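Chemist: Generate a structure from the sequence data that follows.
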Amino acid sequence: MSERNNKMELLGSAPIPKALMALGVPIMIGMLINALYNLVDAYFVGGLGESPMGAGYLNE
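Modeler: Reported below is the predicted structural model:
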């Protein structure tokens, strides 16, 4: 519960740049990790051929 109170206090009383850095940087790191995971996954699945890359689509 203390962690939540600290974040609420940060949003309520801290300067805006400090609050943005404290709350935004972890989100950006998480998004970067997710993007890297998707790139690596597409690279390895792409090595399997065309069919696995288009597995979500119907081949007509």
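
Chemist: the helices in this structure, which residues?
Modeler: Along the chain, counting by DSSP state H, helices occupy 2-13, 16-46, 50-53.

Chemist: For the second one, which helices and strands make contact with it?
Modeler: So that's helix 16-46. helix 2-13, helix 50-53 (3 or more Cβ pairs under 8 Å, 6 or more residues apart in numbering; DSSP states H and E). From N, CA and C alone the C-beta is placed, and that goes for glycine too.

Chemist: Check the offset of that helix from the chain's centre.
Modeler: How far helix 16-46 lies from its chain's middle: 4 Å, per Cα atoms, centre = their mean, to the nearest Å.

Chemist: circling back to that earlier point, and the helices of the chain as CSV, adding mean neighbour count and mean pLDDT?
Modeler: Formatted as CSV, the helices of the chain follow (neighbours: other Cβ atoms under 10 Å; pLDDT from 0 to 100):
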stretch, mean neighbour count, mean pLDDT
helix 2-13, 10, 78
helix 16-46, 10, 90
helix 50-53, 10, 64
